[in-house]
Every structure is written in structure tokens, then in C-alpha cells.
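[1] the amino acid sequence is not available; the structure is as follows:
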């Protein structure tokens, strides 16, 4: 049984060949005893692509060499070729200066020299309580990119989510305690701030000007131990429309080598410009050279709003938390949080019920805890994958119609979607 708290989802399941991995480090389930240190997972991203039938699943693995786990994402196979639902951000509206792709093309060595000081290592700690009521500390690792010389850093939300302490190490090996300026699980973008000046900020490019076949250079912290690692390849595809736990994102695909710990790191073009934030990679013996990055135009827009407002505007929100019973019946277990999320189920309608009603509009509409969600806008709800895809296809202020089962009777309830103002 999976819980969706305040439009957030908890999900974990076992490994599957041909997975996509969120490239932050993973978490392990504690054993009895206090004070055990475990490695914390980056949050899972379930990628569902139309075409072949496969399911992206999340698993927790332990690296005996480094002691880090990696959160695995299972892959539901053939990608779509449409541009996705999110609109391209104008380069002049993000609050950051996005430069055109001009000038002389650079070698990998020249790109590295220009950009490596703008990429940082991120390590996190959070205090958890086990099922035996023991407290323990989980540790995680990822990457980030300096975007302002006075200490603003972009990374992935899943790298820093739920962390009690965040430590940033710059290229000159200085360590800083970081504060979260804002984070958004729907875009998987977070902004950190460290107390430092005169840092080397990345030059942002314009991801709208990318072409398939352009050079792509990734710099990050693979395995949480190898900060400053540089890998090179090409842009394999653009506007790869991928469903991430029911919400559609349009991502850059690259064959550049990406590994756990690279999450939040930079993807640079042949001019040394930041054109993407690394978010996931492929795994499995039959899949190679498949990595993804959030286009910088979209990442910069989200980061700008997080800095200015503390949240990313325009995201619809139901104001309710949910429980998905279908995953328990199909073998899933609760685990790491993602916005809405969830795996597809063959259980049929009536697998999702409302756990808590917190939103103003949802309360006014008359929803109650325990209502079983049968359909939304005429579409049967067999999982949170279905529910979230319907909600995220709407805009703030749109009205959706729920059919719920309560006390053996069906009720039709209309809900006006609110704006989501928290991560």
C-alpha cells in the first residue's frame, strides 16, 4: 500500500533489467541498533515511455567498494518523440542570462578548464528512525552547479530532499554548509546557498539552440567519491517526452557516461555553456549510452522562481493526500517520495482512496478522508499514475470532476484545482 502525502508519493520496488537510475546515491534499510550510518538514496524517478512494455522500478543497491546505495528506476521502454507538455522558457524570462551558442568550438580539455570550477560535490545527512525505533543517519551524495558567484547553486530536488544537513565542496576542496533556498519535486530542481563570494559561476547557454549531434560534456561526482569527473559524448535526442511518475517532462538525451552521484551536475555544450542539469541514466546489460538532463532553460526558470518566490508557479494541486492500494496487491512497497508518482496497475478502478483533505478548495467541495476515487473527468482511476497524469494535464483554476465511493454510494464532486506552493 502506497501513501501519497500532500500530493507526494512513496514507492519502492525490486530491480528490473534496463533500468533508468536517478543519478544521486541510494539509501539502505537499517538493521537493529543505534548510530548506524547508511547511505541515503536520491529520490526515485519512475520514467514511463510509450511503446514497449516494461516498468521502471526503483531498487536499493549497496556498493561494496564505496558503501553507497543507488536508487534504481525501472524503464518502461520506447520513448515518445513529441515535445512534451511543458512549454519552452524564453531566454529572457528566467532571471538568468542565457547566452546564444556563438564563438569558436572548444575541445573537451578547453571546456573542462572553463567549467570545472563551477561544479560542486554535494553530501547530505538526515536522521531517520527505523521500524525498531532506533535512530540512524543516512548519507547521500550528488552534484551541483554554481549559477551565481555569491553562492547560489542548482541541483536536483531528489539529491537534497529530506536532508537535515547539506555540505558543498567546491573545486578548490573548500567545504561549506548549504541552506536550501527552495526546492520543487515536480521539476526536480532545488537551489542551495552557501556563504561564499567570488565563486566561478557557470555560463548558461540556451538549450533551445541545441542540435542532435552537438558535443555534450558532463561534469559531476559519480559514486559520491569522484568529484570533478569529466565524461564526453553527444546530444542524442532533444525534447524526449518522458512521463516521470505521471508528470511529463521534456528532457535532453545524451550518450555521455552518467553514473550514480552525477545527479544535479552540469551538462555543457561545445562552447563551455551549461545547457542541462543531469537527472538520470540507464542501467542494465542490454542498455548503454542513455542519459538524461533537464534543459537549462527550464531548470533556470524553475531556479529563478524558487529564489524569488520559494516555489514554482503554475502547478495544479488537489489539496489531498492519497493511498494507492494497487501497488500492495501487485507487489510494491512504500519507500521514497515523489510527486504523485506510482506504478501502473492492472487492478482497475477503485484502487486509490483519499487519506487526508488539507486544501481549501477540496474541503469546500466536500471530499472526506476514506473516499474511494473511482474516476476523474470520466477516466477510471486504477493507480496514481493515472490520477496524476490527469491532474498535471490541467492548469491552476481548472475544474475536474471526481466520482467517489462513500458508504456504499457514489458521489460526484467538482474540484477547482489550487496552485501548488510547496515542494
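    Looks like it arrived, so ask away. Only a predicted model underlies this, so the values are computations on that prediction, with no experimental measurement involved.
[2] so residue 167, which state does it fall into?
    strand (DSSP: H, G, I helix; E, B strand; the rest coil).
[3] specify the beta-bridge partners of the closest residue to it other than its chain neighbours.
    Spatial nearest neighbour of residue 167, excluding adjacent residues (CB to CB, 6 or more residues apart in numbering): residue 123 at 4.7 Å. To be clear about C-beta, it is placed using only N, CA and C from the backbone, and glycine gets the same treatment. Beta bridges link residue 123 to residue 141, residue 167, judged by DSSP bridges.
[4] what does residue 191 give?
    residue 154, residue 182.
[5] from what I can see it touches residue 153, true?
    Yes: at 7.0 Å, residue 191 counts as touching residue 153 under the criterion of CB atoms under 8 Å.
[6] comparing those two, which residue is more hemmed in?
    The neighbour comparison of residue 191 against residue 153 (other CB atoms under 10 Å) goes to residue 153, with 31 against 28.
[7] need the per-residue pLDDT for the more buried one.
    For residue 153, the pLDDT comes out at 96.
[8] I'd say it and residue 159 touch.
    No: assessed by CB under 8 Å, residue 153 is found out of contact with residue 159, at 10.7 Å.
[9] and for those two, which residues touch both?
    Both residue 153 and residue 159 are contacted by residue 144, under the criterion CB atoms under 8 Å, 6 or more residues apart in numbering.
[10] name the surrounding residues that touch stretch 169-183.
    Contacts of stretch 169-183 (CB under 8 Å, 6+ apart): 116-123, 146, 151-153, 157, 160-161, 165-168, 189-196, 199-200, 227-228, 305-307, 309-311, 423.
[11] okay, and which of those map to strands?
    Counting by DSSP state E, the part of the contacts of stretch 169-183 found in strands is 119-123, 146, 152-153, 165-168, 189-193.
[12] can you tell me which of these are buried?
    With burial judged by 16 or more other CB atoms under 10 Å, the buried subset of those is 119-123, 146, 152-153, 166-168, 189-193.
[13] just the closest of those residues to residue 383, please.
    Lowest distance from residue 383 to those (CB to CB) belongs to residue 189, with 25.7 Å.
[14] so that closest one versus residue 182, what's the distance?
    9 Å (CB to CB, to the nearest Å).
[15] what helices and strands are in contact with the helix or strand where residue 400 lies?
    Using DSSP states H and E, residue 400 maps to strand 399-406. Packing partners of strand 399-406 (3 or more CB pairs under 8 Å, 6 or more residues apart in numbering; DSSP states H and E): strand 372-376, strand 409-416.
[16] one more pass at 10 Å, please.
    On a contact count with 3 or more CB pairs under 10 Å, 6 or more residues apart in numbering; DSSP states H and E, strand 399-406 meets strand 352-357, helix 360-365, strand 372-376, helix 384-392, strand 409-416.
[17] so which of the ones you listed is nearest residue 291?
    Closest to residue 291 of the helices and strands packed on strand 399-406 is helix 384-392 (CB to CB; 23.5 Å).
[18] so that closest one versus strand 409-416, what angle?
    40 degrees (axes from the mean of the first three to the mean of the last three CA atoms, to 10 degrees).
[19] isn't residue 316 up against residue 418?
    Yes: the pair residue 316 / residue 418 is scored as a contact, 7.5 Å apart, by CB atoms under 10 Å.
[20] who has more neighbours, these two?
    residue 316 (21 against 17).
[21] with adjacent residues omitted, what lies nearest to that one?
    Using CB to CB, 6+ apart, the nearest residue to residue 316 is residue 417, at 4.1 Å.
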